[in-house]
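Participant: Following is a predicted model, sequence given first.
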Amino acid sequence: MSTLPERLEASCIPRIRNGADVLGADLQPNEAFLLFRVDGRATIAQLATLAGIEEEEARELIARLASVGLLEVELASGERPREAPPSPLPTEPEGPTPLSRIVEEVGGAYDPGELYEDVQIPIPRRKQILDAFYTFEKLDHYEVLGIDDSADKKAVKSAYFALSKTFHTDTLYGKELGTYKQKMDVVFKRITQAYNVLSKPAMREEYDAYLRSVKGTRAARAAIDAALGIGGPQAPPISATPKPAPAKPSPPPVRPAAPPPAAAPPSSEEARRRARELYARKLSSTRNAPTRPPPSGAPSMPPAQAPTPPPPRDASQVARDLQRALVSVSQHTGGVSQARRLAQDAKRAEEKGDLVTAANAFRLAKELEPDDREVDAGLQRVSAALRVQMLPEFEKQAAYEERNGDHAAAAISWQRVAAGKPDDPISHGAAARCLRRSGGELKLQQQLARRASELAPNDVELRVLLGQIYLEAEMPLNARRELDAAAKLDPNDETVKKLLAELKQKLR
Amino acid sequence: MEKVIGIDLGTTNSCVAIVEGGTPTVIPNRGGYKTTPSMVAITEAGKRLVGHIAKRQAVTNAENTVYAAKRLIGRKWNTTQVRSALATCPYRIVEGPHDDVRIQLRDKLYSVSEISAMVLQEMKIIAEDYLGHEVRKAVVTVPAYFNDGQRQATKDAGAIAGLDVIRIINEPTAAALAYGFGRNLDRTVAVYDLGGGTFDISILEIGSHGVFKVISTAGDTFLGGEDFDSRIIDWLVKGFQQEHGIDLRQDRMALQRLKDAAEKAKCELSAVRETEINLPFIISSSRNEALHLQRMLSRDELERLCNDLIERTIKICESTLEDSGVSKDDIEDVILVGGMTRVPKVQHMVAGFFGREPCKGVHPDEVVALGAAIQGSALLDEQQEMVLLDVTPHTLGIMVVGGFFEPLIPQNTTVPTSSSKTFTTVRDNQTAVKILVLQGESQRAEQNELLGEFILTDLRRAAKGQVEIDVTFEINADGIVSVQAKDLETGRQQSITVTASSGLTQDEITSMIDEAKTHAVDRRATEAFEGTRQEAEKLMGDIERLFPQVEQIVSGSDFGRDAIEKARGVLDRARSLIERKDVEGLKEQLEALGRTQRMFKGVIAKTG
């Protein structure tokens, strides 16, 4: 009996459908890129890692490929739904999954101690509060209010006002609220923050531009970040939430009876998406009119072949298998000509100015034909151009993030800018500064600040920054050199004097 | 469900209301009046009188009759507001033991909260007579711009009167609740509240879900009908002085009669264009002959006398709109609250400013009490589908090194809310920090109101700037502020809940601030420039905003032109310092900016 996956989990395994016309299909370069990595054994998460793309993107691509009949998807062994007891109703009905099921599976697990705390709040209301409390931090302002990004002012207000009635403690005045009081306050503050931004045209415009920029440059960011090795797999958080509540929420507890979690912990992007979907559903179930279209992540899949659960394998094994699969696919399909075609596509895209597509196509071609110099040169050329093209966007993102106190995200954005402007002291300095504020890696701070200072040797502030970083890195002699230089540049700088005095004490 | 009353504790009149069967109603007093004068008197026989009965005997017992106590509640002795009350009030105001204000009636001293409690108790009795049973819970309103101390003192008054004040809400907000209650509205409104003693302006959004959200609020706690009255009194006294060479202010009884006559004339002029003020036998001359005061006052003359007061309210409206990012076009209705909004000139100028006729549907004297009753029932009645999202009217923060005020929660932030910031030590081997919690809009700590203080001890010995302390502010829906400081290294923490007014003398506060300088905390070094820049820009913004006005006022004199030139220079220098990111230079420039800003404000205050 074949099982229909409820939705595309990271642990789902796609495979190429029997008789599918892989070569004849009209594919985008990134779709083809991923398709050639599908070996029937790697999970979506593993494919994403291998392809160097974000899991969410992989999931979307797989869904699209499945919808045109090239792929079919099955559940991984660990993620099998609970065995249905023998009953006259042996199979799940096909079609959209019942809402209750999704809620239950995705985030419906409440810590009983928390859910059944001795407070005077009806259980459904408690669930609403807990859902919001554990997901809001990860959502953008629109998602928090459960509205579409085209929602007008009235809709923003209406959504916020409706949510206020759920989360403002006055609506439970005089009741025993226990730990829910603080949770409600945190949630209320978050929805108010979202409302404050979205209800003011100027602030909303600024935020929209930021969101657009972040979303619009996702592919480019992936390409550039992979090359630069910054930022890790997850995108910077979109919400510019300054700081969570004093008491940090613990991760969402899992009900003991729930099925074992997937082998790999979900990335933060995954968590974000889950949160968003869950919350969108909750909102549409609490209110009559769903304001957000259903997420595209869960199209219905063609039924999978009866699977034989593969034994657990390590990553290198997977990589080897994939490599083999790749070679065999390229042999069967004429990988060289495929690479040529991709390279041509890339050039066409490049001519049209679509650098993102071009970069991805070149990357794809290089995978197939790693020694082709023309392809390699093209890739280098296009990614460099892309970095430059994206500069204004990244600069805007960085500035917005820094202004809103989101220093971790700003540090990453400034690094992207710095990569595009290797001779610009400002972005290097800003990257170092933000990294320092967000408690980022000292060594990277040091590199960035040093480069900035090399580029602008007469900038006192950069010297001081570098000095501070050296101090923190327990390199007092280097720190002294920088601070002495700073003191020479501006003998009256109080900060420099203070730091030098501190340093002398340390050296003694 | 337990009954909760709503009380509008006004400067001149108070009003009580209740929600019965879903409908808010004002409760009339025994005389059938819906409002009761906020006056308290002690007779020769030691009997306490409250309300109309106190008002009626005020002329003959001026020294022992208190009116407008609200202007003094929660205030420190050493403030200009108390000084000015001292000059104009016929009753005796004396200094209390904690730099507070006491009122002497006969041979006994009363705190201002006690006087207000007598009025609240009267309102409680009015409600109980009407309902036929005891009332324990109340929602009491205060001007939106009242600070924490004034709110606390009002709450204390409730407790003295035997009332459990379940919530203090702002008068304009209450007015908006009454205006929108049960009407399923969806609009943005402005509430212009000019009462006997205070002026408030609030901008609110009302939603069809029964949600009322305050967007911003501002005001002046010493601007109201009483000031209009004193303008008339001044005019009368001056005229009398010219005619007879006698200063009527020297005689407390004459002053009380003038006050009554001025108020009456002001009210009459809302309906007629001219009225006669006639006070026979007002005083005796040095030759012992009786003198009479008889003058005609026209509406035009009154408007001329009080024009600048109304202008002042309009200016506050203007800056509130600007700060809240709401344009005049967004305002869909203007609600007038307070007896003073009956003055035609006030209505005219408000309509002119907002570009629309104000709403006529609410009763300016009763609407606030109705709103308070509505909020009370919304809190206690689970069936009531209404929620009020209020804001904090003043900025909250702590003192940092150098005596500066570092804001954590800006004014007009929707409550409940919280905010954290990291600070560092300022001296080497500093093992303790003192956190002074302050409220106000000044950049200088000592010019703001001190709400409380606490000490975080046992810090690690380290060079200055090394130990980081996280300070978190929280304001809950009740408006109660709690502050927590945490040593980020050890996790050790200290917190206070600000529940009572500090009750400290100004000297104690000053010495406390001095002493605290050695235990102060500082912004993190990286944030130093940002902080300074923000401070400077706030001052520069103020100066630039006032510039045209001040220029107009002072440009007549050489000295004035010189001052304007200097101010311009100060601004330019600050701008270039910001451009050059010169932290130290900018810090020094702050003083010049502060001086200029104070000078400008002073010019405006003196002439406007």
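Facilitator: Noted; the coordinates are in hand.

Participant: where in the stretch 101-250 of chain B is pLDDT low?
Facilitator: Within the stretch 101-250 of chain B, no range satisfies pLDDT under 70.

Participant: got it, and chain A?
Facilitator: For chain A, the ranges with pLDDT under 70 are A:1-7, A:19, A:21-25, A:50, A:75-109, A:219, A:222-337, A:508.

Participant: What parts of it come near chain B?
Facilitator: Selection of chain A residues close to chain B by CB under 8 Å from any CB of the partner chain yields A:154, A:157-158, A:161-162, A:164-165, A:168-171, A:173-174, A:185-186, A:188-189, A:192, A:196, A:200, A:202, A:242-243, A:245-246, A:433, A:436-437, A:461, A:468, A:492-495, A:498, A:502, A:505-506. Yep, even glycine has a C-beta here, placed from its N, CA and C like the rest.

Participant: Any quick ChimeraX command for the buried ones out of those?
Facilitator: To isolate the buried ones among the residues of chain A next to chain B in ChimeraX, judged by 16 or more other CB atoms under 10 Å in any protein chain shown, type:
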select /A:157,158,161,162,164,165,168,169,170,171,173,185,186,188,189,192,196,200,245,246,433,436,437,461,468,493,495,502
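
Participant: which residue ranges form the strands in the stretch 351-500 of chain B?
Facilitator: B:387-389, B:391-392, B:396-400, B:404-409, B:413-414, B:417-425, B:433-439, B:449-456, B:468-475, B:481-487, B:493-498 (DSSP state E, counting those that start in this stretch).

Participant: ok, now how distant is residue B:377 from residue B:370?
Facilitator: Distance from residue B:377 to residue B:370, counting by CB to CB, to the nearest Å: 11 Å.

Participant: Flag every residue of the stretch 351-500 of chain B that's near chain A.
Facilitator: B:378-380, B:385, B:387-389, B:414, B:416-420, B:428, B:463-465, B:472, B:474, B:476-477, B:484.

Participant: From those, keep the buried residues only.
Facilitator: B:378-380, B:387-389, B:414, B:416-420, B:463-465, B:472, B:474, B:476-477, B:484.

Participant: roughly how far out does stretch B:33-43 sit from the chain middle?
Facilitator: Offset of stretch B:33-43 from its chain centre (CA atoms, centre = their mean, to the nearest Å): 22 Å.

Participant: Give the rounded mean pLDDT of it.
Facilitator: For stretch B:33-43, mean pLDDT rounds to 95.

Participant: Show me the helices in the stretch 401-508 of chain A, by range?
Facilitator: A:407-420, A:425-437, A:442-455, A:460-472, A:476-489, A:494-507 (DSSP state H, counting those that start in this stretch).

Participant: Mind putting the strands of the stretch 351-500 of chain B into a markdown table with distance to residue B:301 and mean pLDDT?
Facilitator: As requested, the strands of the stretch 351-500 of chain B are exported to a markdown table (distance: least, CB to CB, whole Å; pLDDT from 0 to 100):
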| stretch | distance to residue B:301 | mean pLDDT |
| --- | --- | --- |
| strand B:387-389 | 42 | 94 |
| strand B:391-392 | 40 | 90 |
| strand B:396-400 | 44 | 90 |
| strand B:404-409 | 44 | 90 |
| strand B:413-414 | 44 | 92 |
| strand B:417-425 | 48 | 86 |
| strand B:433-439 | 41 | 88 |
| strand B:449-456 | 39 | 83 |
| strand B:468-475 | 47 | 88 |
| strand B:481-487 | 47 | 86 |
| strand B:493-498 | 47 | 78 |
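
Participant: Quick one: closest of the ones you listed to residue B:250.
Facilitator: Between residue B:250 and the strands of the stretch 351-500 of chain B, the shortest separation by CB to CB is 35.6 Å, and it involves strand B:449-456.

Participant: what's the angle between the closest one and strand B:396-400?
Facilitator: 60 degrees (axes from the mean of the first three to the mean of the last three CA atoms, to 10 degrees).

Participant: List the strands paired with strand B:449-456, with their directions.
Facilitator: Here strand B:449-456 is paired, per DSSP bridges, with strand B:433-439 (antiparallel).

Participant: Quick one: distance of the strand it pairs with to the chain centre.
Facilitator: 23 Å.

Participant: Contacts for it next, please.
Facilitator: Outside strand B:433-439, the residues that touch it by CB atoms under 8 Å, 6 or more residues apart in numbering or on different chains are B:147-148, B:394-399, B:405, B:423, B:425, B:445, B:448-456, B:459, B:469, B:471, B:481, B:483, B:485, B:494, B:496, B:498, B:512-513, B:516, B:519-521.

Participant: Run a quick check on residue A:434 versus residue A:418, I expect a contact.
Facilitator: No. Assessed by CB atoms under 8 Å, residue A:434 is found out of contact with residue A:418, at 11.1 Å.

Participant: What are the boundaries of the helices in the stretch 301-450 of chain B?
Facilitator: Going by DSSP H, counting those that start in this stretch, the stretch 301-450 of chain B shows helices at B:344-354, B:367-380.

Participant: So which other helices or strands are in contact with the last one?
Facilitator: Spelled out, it's helix B:367-380. If contacts are counted by 3 or more CB pairs under 8 Å, 6 or more residues apart in numbering or on different chains; DSSP states H and E, helix B:367-380 sits against strand B:4-9, strand B:13-20, strand B:23-26, strand B:137-142, strand B:164-170, helix B:171-180, strand B:333-337, strand B:387-389.
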